[in-house]
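Participant: No letters, just coordinates:
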């Protein structure tokens, strides 16, 4: 157990809908990262937040957005869902602002999203 | 941007033999190289990582080597056991002022045959 929690574990929804995935980082970790894992695209970085501020962005679609709250939990919002959004969504956390020295990232158990 | 290539995509070895997985990266400024193990339906689990100020790191049966000149790094697993069967991912990262994104290789499915 990494100490990172994610809810829900599974989510089944229809095309065009909107969902919210939730992540709680390890105690004391200030950075949260979101990744998408699909069969054809592998593990893809989406976005990073540090202490409430966006720090790095990957290939995140405009239909997707995220935020980190004052208690450091994070939410990933996916809207206008398409079949191709079906994937495992992982959250990871790391302890501190690296200042050029990357931190170890610890992954949560993931949320499996199925869009029908 | 950074690109990471991982080979082979599948690897099958006899129990007790060694397994080697290789990765190359494109951005010479990358300075952090972790390896993750992922079992089916589970989270990626860090097994070892190396930072660019060292060339080799070992943890029991697992070792990672880094060649910054050639921009490649490798995972070595010795005395393989059935529980080593999983998908292994390499990744490369550059941390700039706290911004950090891991770019992953496509994964290697390792099967240990008893």
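Facilitator: Done, it's in. Quantities reported herein were computed from a predicted structural model and do not represent experimental measurements. Numbering: from 1, shown residues only, chains lettered A, B, ... in the order given.
Participant: Now do the same contact list for the residue nearest to residue A:68 when sequence neighbours are not counted.
Facilitator: Spatially, and ignoring its direct neighbours in sequence, residue A:68 is nearest to residue A:49 (3.8 Å; Cβ to Cβ, 6 or more residues apart in numbering or on different chains). In this view, the C-beta of every residue, glycine as well, is placed from N, C-alpha and C. Contacts of residue A:49 were listed using Cβ atoms under 8 Å, 6 or more residues apart in numbering or on different chains, and they are A:31-33, A:55, A:66-68, A:74.
Participant: Give me the buried subset of the residues you listed.
Facilitator: A:31-33, A:55, A:66, A:68, A:74 (16 or more other Cβ atoms under 10 Å in any protein chain shown).
Participant: on that earlier part again, among the contacts of residue A:49, which one sits closest to chain B?
Facilitator: Set against chain B, the nearest of the contacts of residue A:49 by Cβ to the nearest Cβ is residue A:55 (4.5 Å).
Participant: check which helix or strand covers that closest one.
Facilitator: Residue A:55 belongs to strand A:53-57 when assigned by DSSP states H and E.
Participant: Give me the packing partners of that strand, helices and strands only.
Facilitator: Applying 3 or more Cβ pairs under 8 Å, 6 or more residues apart in numbering or on different chains; DSSP states H and E, one finds that strand A:53-57 makes contact with strand A:42-50, strand B:99-104.
Participant: what's in contact with whichever helix or strand comes after that strand?
Facilitator: Next in sequence after strand A:53-57, counting helices and strands by DSSP H and E, comes strand A:64-68. In this structure, residues lying in contact with strand A:64-68 by Cβ under 8 Å, 6+ apart are A:32, A:34, A:46-47, A:49-54, A:60, A:74-79.
Participant: Next, the angle from strand A:64-68 to strand A:53-57.
Facilitator: Orientation of strand A:64-68 against strand A:53-57 (axes from the mean of the first three to the mean of the last three Cα atoms, to 10 degrees) gives an angle of 140 degrees.
Participant: Sheet-wise, list the partners of strand A:64-68 with their directions.
Facilitator: strand A:74-78 (antiparallel) (DSSP bridges).
Participant: Could you list every helix and strand in contact with the next helix or strand after the strand it pairs with?
Facilitator: Of the helices and strands lying after strand A:74-78 in sequence (DSSP H and E), the nearest is strand A:87-94. Other elements packing on strand A:87-94 under the criterion 3+ Cβ pairs under 8 Å, 6+ apart are strand A:5-7, strand A:19-24, strand A:31-38, strand A:74-78, strand A:106-107, strand A:111-115.
Participant: Could you dump these into TSV and include distance to residue B:7 and mean pLDDT?
Facilitator: Putting those into TSV (distance: least, Cβ to Cβ, whole Å; pLDDT from 0 to 100) gives the following:
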stretch	distance to residue B:7	mean pLDDT
strand A:5-7	31	97
strand A:19-24	32	98
strand A:31-38	20	94
strand A:74-78	32	98
strand A:106-107	23	94
strand A:111-115	28	97
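Participant: Deepest-packed of the ones you listed, please.
Facilitator: strand A:31-38 (a mean of 24; mean count of other Cβ atoms under 10 Å in any protein chain shown).
Participant: Show me the contact partners of that one.
Facilitator: A:23, A:25, A:43-51, A:55, A:60, A:66, A:68, A:72, A:74, A:76, A:84, A:86-97, A:103, A:105, A:107, A:110, B:98, B:100-102.
Participant: So for stretch A:52-65, mean pLDDT?
Facilitator: Averaged across stretch A:52-65, the pLDDT comes to 93.
Participant: near chain B, which residues of chain A show up?
Facilitator: Residues of chain A lying close to chain B by Cβ under 8 Å from any Cβ of the partner chain are A:2, A:31, A:33, A:35, A:42-45, A:48, A:50, A:55-56, A:58, A:90, A:94, A:97-110, A:112.
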